[in-house]
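1. Sequence and predicted structure, then a few things I'm wondering about:
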Amino acid sequence: MTDHSIPVAATADTNSNNNSSLWQLSCERLVAELPEQQFNTWIRPLPPAVITDSAEAGGLVVSLRVPNRFKLDWIRNQYAGRIESILSELAGRPARLDLALATRDSQARLAPAATATPTSQPVMAPGQVLHNGLRPVSINPGNQASPTVADGTQGGGAAMLAQPSQQQAQKPQSPPQNLPPSASRHRINSALTFDNLVPGRANQMARTAALHVAGAPGAMYNPLFIYGGVGLGKTHLIHAVGNALLKDKPDARVLYLHAEQFISDVVKNYQRKTFDELKAKYHSLDLLLIDDVQFFAGKERTQEEFFNAFEALLAKRAHIIMTSDTYPKGLADIDERLTSRFDAGLTVAIEPPELEMRVAILIKKAEAEQTPMPEDVAFFIAKNVRANVRELEGALRKVLAYSRFSHKEINIQLAREALKDLLSIQNRQISVENIQKTVADFYKIKIADMYSKKRPASIARPRQIAMYIAKELTQKSLPEIGELFGGRDHTTVLHAVRKIGGERQKNTELNQQLHVLEQTLKG
Ligand SMILES: Nc1ncnc2c1ncn2[C@@H]1O[C@H](COP(=O)(O)OP(=O)(O)OP(=O)(O)O)[C@@H](O)[C@H]1O
């Protein structure tokens, strides 16, 4: 069902090549990063990954099959996070690793990573698409996941990536376990609901608006435009709306799709000259949930077709919810007649979650894995992993795997060990000095002005922004920060933190600048 390849390819060959070269490129990065012996022991012997694009997972699902339990635990524990971030970076989309034991059948086809041929050796049958929703398979090593089979009737990239294995090709295809029978039609991931979306200040407005739409689509807030940085729960939220509406009205015509799927639909229909089909598909919906519309940038034909669908849907009071990494006016290379329409309903941001919300998310996610998480450990992780919820999940996964692998109970010491790479990277990168330099560069002031007593707004404001970021991204206390800003009083720092934090909620441009600065600092 989630059927396009990486990035959007038209032929089976291109898909396989993209698939394989993405994995090869990641291996090249790992060769450069890891000590030779580690790479040769753990990574080189792996068969090439099978990479599919999964709307449910909100990005790429990278399926790696490992020959034994020991290796599985070790790779999951030591390398999974890094492999995911390399692949995400290379593909320009979130990538999630689905690690599992190789079946006997697939073992026969294991080939060393470094000798991967341009065509991958996938472990799936044609028409099968890896489905792991957003439930990380890797949290549960008891799950010896041969990939769950999802509906592949839409055909397309992922199906074309796969080569049949005798045994699997004969298996009857059953619907994925955690999706309702209609899910393939709606492309909604039933695992992403309001129930398991932790509320907090960071998503308050977006969640409230989304609940409203789910209860009365077509009424208020149409279109609803949700924006925010990576991994903050935008995809989760719009799936939640779809699930809530379908629970109430199972016959509602709802469709979730990633913007790239719309692009690839336009391309397909353009080639086949079947625009009526495109219209029939999109113009008849009651609720369209479309993720990452920033991907429409520079795609004129797509923008035109989306404009038509948009107008048709609004005219019949169908609801449209979009997500993006930036607010409508900040979208580059998208026609203004579209961006102004995006802004015509309600535009809301999702912010990075604050500490308490991060703790609540960790506890909830651990509960879902039937592993109680001591509160002090949740605080420890939440204090150290601030970037976004996806990273928080990654850290949780590491801690759980480490505990399981080492047969030790979860406590702060264990979490510290499990996350030591991550912690050392953070400590290295985010110092107050680094923040001062980055902010000074960004606003084109001298670094010395961070410590000076100068008061013109062009200097005082960046200084306040740097203080705010220092409080957000470091463990320093207010007096310590004040000291590092030319011996200022802690009340000055508190004033800056409150002022910039408050403005951030209302001022989209400032919010955007802060996102850029935070991402830069987090590397
Ligand atoms: N408030 C929350 N409560 C529980 N889980 C959350 C919350 N916010 C995000 N998540 C989880 O974090 C992960 C990333 O969320 P999601 O994919 O929705 O992010 P996104 O904003 O769409 O990111 P991207 O822009 O990279 O696609 C998902 O597993 C999601 O379930």
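-> That came through, no problem. Numbering: from 1, shown residues only.
2. Pretty sure residue 359 sits in a strand.
-> No - counting by DSSP: H, G, I helix; E, B strand; the rest coil, residue 359 is located in no strand; its state is helix.
3. ok, the closest residue to the ligand within the chain - contacts?
-> Shortest the chain-to-the ligand distance, computed as C-beta to the nearest ligand atom: residue-wise this is residue 233, at 2.6 Å. Quick note: C-beta positions are derived from backbone N, CA and C, even for glycine. For residue 233, the residues meeting the contact criterion (C-beta atoms under 8 Å, 6 or more residues apart in numbering) are 197, 203, 350, 389.
4. Quick check on these: which are buried?
-> With neighbours counted using 16 or more other C-beta atoms under 10 Å, those contain these buried positions: 197, 203, 350, 389.
5. tell me the pLDDT at the nearest residue to the second one once chain neighbours are set aside?
-> Counting by C-beta to C-beta, 6 or more residues apart in numbering, the nearest residue to residue 203 once its immediate chain neighbours are dropped is residue 350, at 5.0 Å. As summarised for this prediction, residue 350 has a pLDDT of 94.
6. Run through the bridge partners of residue 350.
-> residue 228 (DSSP bridges).
7. Pretty sure it sits against residue 230.
-> No - at 10.7 Å, residue 350 does not count as touching residue 230 under the criterion of C-beta atoms under 8 Å.
8. State the number of residues packed around residue 419.
-> Burial measure for residue 419: 23 neighbouring residues, criterion other C-beta atoms under 10 Å.
9. In space, not sequence, find me the middle residue of the chain.
-> The residue lying closest to the centre of the chain (C-alpha atoms, centre = their mean) is residue 231, at 4.0 Å.
10. so who does the residue lying closest to that one once chain neighbours are set aside touch?
-> Closest residue to residue 231 in three dimensions, ignoring its sequence neighbours and counting by C-beta to C-beta, 6+ apart: residue 390, at 3.0 Å. With contacts taken as C-beta under 8 Å, 6+ apart, residue 390 has the following neighbours: 94, 230, 231.
11. what does the stretch 251-400 of the chain have sitting close to the ligand?
-> Counting by C-beta under 6 Å from any ligand atom, the stretch 251-400 of the chain comes close to the ligand at 325, 361, 389, 390, 393.
12. try 5 Å this time
-> By the criterion of C-beta under 5 Å from any ligand atom, the positions of the stretch 251-400 of the chain lying close to the ligand are 361, 389, 390.
13. swap in the chain?
-> 58, 94, 134, 197-198, 230-236, 361, 389-390.
14. Pull the most distant pair out of those.
-> In those, the most distant members under the criterion C-beta to C-beta are 94 and 198, with 19.1 Å between them.
15. Which of the three states applies to residue 96?
-> Secondary structure of residue 96, per three-state DSSP, is strand.
16. any low-confidence regions in the stretch 151-300 of the chain?
-> Residue ranges of the stretch 151-300 of the chain with pLDDT under 70: 151-184.
17. Swap in 80 and give it another go.
-> Low-confidence regions of the stretch 151-300 of the chain, defined by pLDDT under 80, span residues 151-185.
18. ranges for the helices of it?
-> Remark: helices assigned in the stretch 151-300 of the chain by DSSP state H, counting those that start in this stretch are 157-161, 166-170, 183-186, 204-215, 234-248, 259-272, 275-283, 300-315.
19. Identify the residues contacting the longest one?
-> Residues from elsewhere that reach helix 300-315, judged by C-beta under 8 Å, 6+ apart: 222-223, 262-263, 266, 270, 275, 278-279, 282-283, 285, 288, 293, 296, 319-320, 334-335, 337-338, 341.
20. Find the residue closest to residue 508 in space, skipping its chain neighbours.
-> If the residues on either side of it in the chain are set aside, residue 508 comes closest to residue 327, at 4.7 Å by C-beta to C-beta, 6+ apart.
21. What residues does the one you found make contact with?
-> 225, 227, 343, 347, 349, 508, 512.
22. just checking, what packs against the host helix or strand of residue 513?
-> Secondary structure from DSSP states H and E places residue 513 in helix 508-522. Other helices and strands packing on helix 508-522, by 3 or more C-beta pairs under 8 Å, 6 or more residues apart in numbering; DSSP states H and E, are strand 346-350, helix 420-429, helix 432-442, helix 457-473, helix 490-506.
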